[in-house]
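> Need coordinates for the below:
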Amino acid sequence: MPGNALKILVADYDLATTLASGQAFRWQPGAGVWTGVIHRHWVQLHGVPGGIEATTAGPVTDWSWLTHYLQTDLDLPTVLASFPADEPLRAAVQHARGLRLLRQDPWECLASFILSSTKQIVQIQQIVALVAERYGEPLAVPNGHSPTHAFPSAERLAALSEADLRDCKMGFRAPYLLAAARAVAGGKLDLERLRGVELAEAREALITLPGVGPKIADCVLLFAYDFPQAFPVDVWVMKALRRLYFPRRARSPARLQRFITTYFGPHSGYAQQYLFHYMRTHPNPV
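Okay, here's the model as predicted:
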């Protein structure tokens, strides 16, 4: 029966922490709800006992786009059990148990993280919102809610000028986003093909784009492609590694990379997200 509301039964899911943990940039908190855009759907989410309540703007017959995005089918206890039994990860999980990874659209994820370079989360949200407002297609919203737009396609952005993008307050990131859009729209980079290749090959394909280094590539591979061992290393994660794991002895980037690759297990990307959130939000990570 079509409807515009759904309750997803899921345990161990911290909705607020997940949506505010720096993975995606279309979510805004309200009075007990989170309002955002998933693909071409305006949606409000509300964490309730035993699950998540969702509301959209019109009747929906297939909610798979939402459960796919939220990854509500994931066995989180199994993921957490795969982590090394060390004090930093125990503390990080205790700080934010129920933190999940989202499964995003590859193009929007890639574009958003290109725009994230040297920016705070609130600034990234503002830029992404402005790009969507100016160049994305309008979406249906319930009466009384502000207009909203889908994130523009690669083809739409590829047709713009660098000046158009700079006018969205993205600064030096504008030529990088334009180059990525043109590579995707022109077929030079096939984002769908990356689903079927090995992690190293997928990473290599992404870092051929101007402005995309290993960190941005690994964010896309973890948050859009389900590569569980993609391990983005930004300033916060580097602080976590050095403070929590090597407080008394310096490690070169190469040795840190070897540690990352061998230590955190088959779901190292999940471990990374817990460490990232713990380091960024805990007043005294130990």
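> what residues are up against residue 199?
By Cβ atoms under 8 Å, 6 or more residues apart in numbering, residue 199 lies in contact with 221, 227, 229-230. All C-beta spots, glycine's among them, are computed from the backbone N, C-alpha and C.
> ok, which pair from those residues is furthest apart?
Pairwise distances across those (Cβ to Cβ) peak at 9.0 Å, for the pair 221 and 229.
> The two: which is more packed in?
Neighbours per residue (other Cβ atoms under 10 Å) separate residue 221 from residue 229, with residue 221 holding more: 26 against 19.
> Could I get the phi/psi values of the more buried one?
The phi and psi torsions at residue 221 (degrees, to the nearest 10) take the values phi -70, psi -30.
> Would you mind measuring from it to residue 40?
Distance, residue 221 to residue 40, using Cβ to Cβ, to the nearest Å: 24 Å.
> For this protein, which segments count as helices?
Assigned by DSSP state H, the chain shows helices spanning 15-19, 64-70, 76-81, 87-96, 106-115, 121-135, 154-158, 162-166, 174-185, 199-206, 214-223, 235-240, 253-263, 268-281.
> And the pLDDT at residue 98?
Here, the pLDDT recorded for residue 98 equals 95.
> Ok, residue 249 next?
pLDDT for residue 249: 83.
> Then residue 2?
According to the per-residue confidence, residue 2 scores 56 in pLDDT.
> and the contacts of residue 199 as TSV, adding distance to residue 194 and pLDDT?
Rendered in TSV, the data for those read as follows (distance: Cβ to Cβ, whole Å; pLDDT from 0 to 100):
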residue	distance to residue 194	pLDDT
221	8	98
227	9	96
229	15	95
230	11	97
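> Let's see which of these end up in strands.
Here DSSP state E is the test, and the contacts of residue 199 give no hits in strands at all.
> Kindly reformat those as CSV containing distance to residue 207.
Conversion of the contacts of residue 199 to CSV gives the following (distance: Cβ to Cβ, whole Å):
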residue, distance to residue 207
221, 11
227, 14
229, 17
230, 12
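> out of these, who's nearest residue 172?
Lowest distance from residue 172 to the contacts of residue 199 (Cβ to Cβ) belongs to residue 221, with 23.8 Å.
> Contact partners for that closest one?
Contacts for residue 221 (Cβ under 8 Å, 6+ apart) come out as 194, 199, 202-203, 206, 227, 230.
> which of those residues tops the neighbour count?
Taking other Cβ under 10 Å to define a neighbour, the member of the contacts of residue 221 with the most is residue 206, carrying 24 neighbours.
> And it, how close does it get to residue 193?
Taken as Cβ to Cβ, the spacing of residue 206 relative to residue 193 amounts to 12 Å.
> Give me the helices and strands touching the longest strand seen in the chain, please.
The strand spanning the most residues in the chain, taking DSSP E as the definition, is strand 51-60. Helices and strands touching strand 51-60, as assessed by 3 or more Cβ pairs under 8 Å, 6 or more residues apart in numbering; DSSP states H and E, comprise strand 3-9, strand 41-48.
> how about those, which one is nearest residue 24?
Residue 24 sits nearest to strand 41-48 of all these, at 12.0 Å, using Cβ to Cβ.
> Alpha carbons of that closest one, in CSV - could you do that?
C-alpha atoms of strand 41-48 as CSV (Å, rounded to 0.1, in the frame of the first residue of the first chain):
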residue,chain,number,x,y,z
HIS,A,41,13.7,12.4,-2.3
TRP,A,42,13.0,15.0,0.4
VAL,A,43,12.9,13.1,3.7
GLN,A,44,12.6,13.6,7.4
LEU,A,45,14.0,11.0,9.8
HIS,A,46,13.2,10.5,13.4
GLY,A,47,15.0,8.1,15.7
VAL,A,48,12.4,6.2,17.9
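> where does this protein dip in pLDDT?
With pLDDT under 70 as the threshold, the chain has low-confidence stretches at 1-2.
> Out of the helices of the chain, which gets nearest to residue 48?
Taking those one by one with Cβ to Cβ, helix 15-19 is closest: 9.2 Å.
> Contacts for the closest one, please.
Contact partners of helix 15-19, identified using Cβ under 8 Å, 6+ apart, comprise 27, 29, 34, 36, 45-47, 52, 70, 96, 98-102, 277.
> Quick check: the farthest pair among these?
Greatest spatial distance in the contacts of helix 15-19: 46 and 277, 21.1 Å, computed using Cβ to Cβ.
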